[in-house]
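Peer 1: Here's my sequence, what's the structure:
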Amino acid sequence: MKLLLTLVASLIPVAAWAHPGHGASGFAGGLAHPLSGLDHIMGMLSVGIWASSGRPAARRLVPLAFLFGMTAGGFMGIDGLYPSFLESAVSASVFAAALMVALSVRLPLAFQAAFAALFALWHGMAHGAELPSMMHPDGYVAGFLFSTALLLGIGVAIGSLLKEKRRILGAALALFAAVS
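Peer 2: Presented below is the predicted three-dimensional model:
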């Protein structure tokens, strides 16, 4: 338990809460970015923990839906879609994912995957809008998706290991998302 909490705590950046800058490009920049802001960490861990509370298929399909939604949103952002409410939608999706865990929301798998994809769509749009200005966007996207998948997997592992504590974890994440 202490090792798991230490691992999660080590992912929390001290210098910045979210979107501290995107100066790095290439695979390493994409790999590092999801670990550089609490919105990413809390959002991906929440979705992973939520996925762990469903049927075994949800542990795979919900994170895959999230990655699909993020990729689709990325293409929309590259095409210039950046609604004025986007940052609010990103924040709301982090809060909503944590709330799903806190309230032990059970949905049919298709709806759970659809919600995960929608949450990720906003994150993808925000980052897709930044990609055209990067020197190596393909490497960045690969690193970003790999790191995102890792965070989702850690969330699934945490949720699977701490079944009786999921609601407490979700409540803590939702509270943290609401005040940050």
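Peer 1: S104 - how many residues pack around it?
Peer 2: The local packing count at S104 equals 11, with neighbours defined by other CB atoms under 10 Å. Placement of C-beta: from N, CA and C, glycine included.
Peer 1: ok, now the one 4 residues further on?
Peer 2: The tally of other residues near P108 (other CB under 10 Å) stands at 11.
Peer 1: Quick one, grab the pLDDT at it.
Peer 2: According to the model's per-residue confidence, P108 sits at a pLDDT of 95.
Peer 1: measure it to G37 for me?
Peer 2: 31 Å (CB to CB, to the nearest Å).
Peer 1: Would you tell me what helix or strand the spatially most central residue of the chain is located in?
Peer 2: With the centre of the chain defined as its mean C-alpha position, the nearest residue by CA atoms, centre = their mean is M44, 2.8 Å away. M44 is located in helix 38-52, with elements delineated by DSSP states H and E.
Peer 1: What of A97?
Peer 2: Once you assign secondary structure using DSSP H and E, A97 falls within helix 86-102.
Peer 1: circling back: any residues touching the helix or strand that comes right after the helix holding M44, and which ones?
Peer 2: Of the helices and strands lying after helix 38-52 in sequence (DSSP H and E), the nearest is helix 58-78. Outside of helix 58-78, the residues within contact range by CB atoms under 8 Å, 6 or more residues apart in numbering are 44, 47-48, 50-52, 54, 109, 112-114, 116-132, 141, 145, 148-149, 152-153, 156, 160.
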